[in-house]
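Visitor: I'll drop the sequence and a predicted model, then ask my questions.
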Amino acid sequence: MDYNFLKIEKIDGGITILKISAPKSLNALNSIILTELDNFIESIDPATRVLIITGDGEKSFVAGADISEMAHLDEQEGYEFGKLGAAVFRKIEVLPIPVIAAINGFALGGGCELAMACDIRIASVKAKFGQPEVGLGIIPGFSGTYRLPKLIGQGYAKEMIYTGKIIRADEALRIGLVNSIHEPEELMPAAVEMAKKMLACAPTAICLAKLSINENYDLNAPEALELESKLFGKCFATADQKEGMDAFLNKRPANFEGK
Ligand code: CO8
């Protein structure tokens, strides 16, 4: 499929790099880009085992939802735009493969929310983060009020959301919004290196681990532990588990087939 605002590159037998590319607006997300993202996720190449999402250019990951599109929305249209973004981001969150956000620059508003829908965030030292919506008279509408407090805790999330403050990459690292920070030219190599470590592991096990972590998010402890036990049991119905353990016991590298 051809996209106007997405650039797709496939490398190393299983890693797909998705670049959001709308340079005139610092990769801000309008409804066309969100629809393209939706189409991309819905039709993702089944050979993809790790997805890396980044922004095109050196300055921005995603500078938010497109303010010029939002400026004239009425209440119903605002609701629908919010639903569209939240639904696409949820599809990213529940993709049965790991998704790494490689945050190369501004991750503001919807950009920070997109990064939070990914499993793992790593950032350039030049990246900047924030939920500046209240300065525009709106609230984070692509699931930021849901995910930010869960990720960094209510206190700091409320400070960020109520003040709209923009934080630097080192501060994002300190509060746990990103896992690591890198010199700009080292960001993609670091993302690819992490992805390669995942490629070496059993795809079915990673998928079930992601499912367990995601589903446990909203469960109480007994339900969460029961779910983990069930998914743990499911691993033993996979060829990957047989292969992984046989390889270990016979002191040879594992050859996983994702079954
Ligand atoms: N939307 C549309 N255009 C944008 C956006 C955006 N979010 N961000 C930047 N642009 C455009 C600018 O208008 C400018 O266009 P032009 O060249 O035509 O004037 C171009 O990108 C370059 O931007 P700047 O000249 O401003 O570049 P600077 O380096 O001076 O500043 C900033 C970069 C700090 C990123 C600045 O552009 C900025 O503050 N942008 C807005 C950031 C923002 O507020 N983002 C949050 C938007 S709200 C949101 O994401 C809500 C999500 C939930 C929506 C729910 C809907 C109901």
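Guide: Arrived safely, thanks for sending. The model shown is predicted, which means the values in this text are computed figures rather than measured ones. Residues are numbered from 1 along each chain as shown.

Visitor: Extract the CA atoms of stretch 146-166 and return them as CSV.
Guide: Output for stretch 146-166, consisting of C-alpha atoms alone and laid out as CSV, is shown next (Å, rounded to 0.1, in the frame of the first residue of the first chain):
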residue,chain,number,x,y,z
TYR,A,146,-5.1,7.5,30.9
ARG,A,147,-1.5,6.5,30.0
LEU,A,148,0.7,9.3,31.4
PRO,A,149,-0.4,8.8,35.1
LYS,A,150,0.0,5.1,34.8
LEU,A,151,3.5,5.5,33.3
ILE,A,152,5.0,8.2,35.5
GLY,A,153,2.6,8.4,38.5
GLN,A,154,-0.3,10.8,39.1
GLY,A,155,1.7,13.6,40.7
TYR,A,156,4.1,14.4,37.9
ALA,A,157,1.5,13.5,35.2
LYS,A,158,-0.8,16.1,36.7
GLU,A,159,2.0,18.7,36.9
MET,A,160,2.8,18.1,33.2
ILE,A,161,-0.8,18.1,32.1
TYR,A,162,-2.0,21.1,34.2
THR,A,163,1.0,23.3,33.4
GLY,A,164,1.7,22.2,29.8
LYS,A,165,5.4,22.3,30.7
ILE,A,166,7.9,20.9,28.1
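
Visitor: does it come close to the ligand?
Guide: No. Counting by CB under 6 Å from any ligand atom, the ligand is not contacted by stretch 146-166; separation bottoms out at 7.3 Å. All C-beta spots, glycine's among them, are computed from the backbone N, C-alpha and C.

Visitor: Now do the buried residues in that stretch.
Guide: Arg147, Leu148, Pro149, Leu151, Ile152, Tyr156, Ala157, Met160, Ile161, Ile166 (16 or more other CB atoms under 10 Å).

Visitor: Of the residues you listed, which belong to helices?
Guide: Mapping the buried residues of stretch 146-166 onto helices (DSSP state H) picks out Arg147, Leu148, Pro149, Leu151, Ile152, Tyr156, Ala157, Met160, Ile161.

Visitor: from memory the second one sits against Glu159, does it?
Guide: Think Leu148. No. Because the distance of 10.5 Å does not satisfy CB atoms under 8 Å, Leu148 is recorded as not touching Glu159.
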